[in-house]
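Visitor: everything below, folded, please.
(one chain, ligands or ions: 1)
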Amino acid sequence: MNTNRLSKTIAAALNAQMTNEAHASQIYLSYAAWADSKGFAGIANFLFRHAQEERNHMQKILEYILKRGAQAEIAAIAPPHANPTSVNNCFEKIFEHEVANTKAIYKIVKISFDEEDWATWNFMQWFVKEQVEEETLAMNLWNKMKIAGGEKVSSDTLYSFDRDIEKTPDEAKAAQDVTTDKP
Ligand code: OFO
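Guide: Okay, the predicted model is just below:
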C-alpha cells in the first residue's frame, strides 16, 4: 500500500505554502535590515524576531509533509519585496503581506475541505488562527503609527515608537483567550 497520505494537489499546495513562509521570513529579514540601516534598532529587533517566526511556520509545514509520507520540495525563494519608504509604509506593507498570506492559507483549507482530507484541514486550522493573530498584530502596529501621524509622524514620536516596539510581544492575544476581566 502506498504510504503517501497526501494527494498530489494537496502536496503541491503545501510545498508552495512552505516556500511562501520562507519568503515571508525573507521579507521580514529585509525590512529588519532596512530598519536597522535607518537607525531604528527597536523596529529591527521586532522584525528580526518575526523573521524567525516565519521560519518556524515553514518548518511546521515541512514536518507535516514528511510525516504524511509525501515528497517535500525545497524550492528557490523569490527575492523579498522592495524596501519600505518610511516606517508607516513598512507597517502598511507588513499588514498587506499578512493578508496575502492568509488568502494563500485559506486556499489550502478549501482544497483540503473539498478533498475531505480532514488531517490537512485540521493541521491548517493552526495557521488560520495564527494568521488572525498576525493580522491583528500588524494592524495594531500600523494603527499606532497612523494615530501618531502616519507619513507625517514627528521624529520625537518615531524615537518613542522605536523604543517601545522592541518590547512589543511577538503575538497578539487571540479573541478566544479574552475574558471579561482580562479584555
Ligand atoms: Fe507565517 O505567518 Fe505571517 O505571514
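Visitor: distance check, Glu21 against Met124.
Guide: 13 Å (CB to CB, to the nearest Å). The way it works is simple: take the backbone N, C-alpha and C, and place the C-beta from them, glycine included.
Visitor: surely Lys93 touches Ser86?
Guide: No - the pair Lys93 and Ser86 does not pass the contact test of CB atoms under 8 Å, sitting 10.2 Å apart.
Visitor: quick one, which of those two is more surrounded?
Guide: The neighbour comparison of Lys93 against Ser86 (other CB atoms under 10 Å) goes to Lys93, with 19 against 15.
Visitor: any idea whether that one is helix, strand or coil?
Guide: helix (DSSP: H, G, I helix; E, B strand; the rest coil).
Visitor: which non-adjacent residue is nearest it?
Guide: Pro84 (5.6 Å; CB to CB, 6 or more residues apart in numbering).
Visitor: what's the neighbour count on the one you found?
Guide: Using other CB under 10 Å, Pro84 has 18 neighbouring residues.
Visitor: ramachandran angles for it?
Guide: With angles defined as degrees, to the nearest 10, Pro84 sits at phi -70, psi 160.
Visitor: per-residue pLDDT, it?
Guide: On pLDDT, Pro84 comes in at 98.
Visitor: next to the ligand, which bits of the protein? Give me the list.
Guide: Glu21, Ala24, Glu54, His57, Glu98, Asn101, Glu130, Glu134 (CB under 6 Å from any ligand atom).
Visitor: restricted to helices, list these.
Guide: Members of the residues of the chain next to the ligand lying in helices (criterion: DSSP state H): Glu21, Ala24, Glu54, His57, Glu98, Asn101, Glu130, Glu134.
Visitor: okay, those residues in CSV with neighbour count and pLDDT next?
Guide: Listed next are these as CSV, based on neighbours: other CB atoms under 10 Å; pLDDT from 0 to 100:
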residue, neighbour count, pLDDT
Glu21, 23, 98
Ala24, 26, 98
Glu54, 21, 98
His57, 23, 98
Glu98, 20, 98
Asn101, 23, 98
Glu130, 18, 97
Glu134, 26, 96
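Visitor: of all these, which comes closest to Gly150?
Guide: Ranked by distance to Gly150 (CB to CB), those are led by Glu98 at 18.8 Å.
Visitor: contact partners for the closest one?
Guide: Neighbour list for Glu98: Gln131, Glu134, Glu135, Ala138 [criterion: CB atoms under 8 Å, 6 or more residues apart in numbering].
Visitor: so what's Phe46 closest to, chain neighbours aside?
Guide: The shortest distance from Phe46 to any residue other than its chain neighbours is 5.0 Å, reached at Ile165 (CB to CB, 6+ apart).
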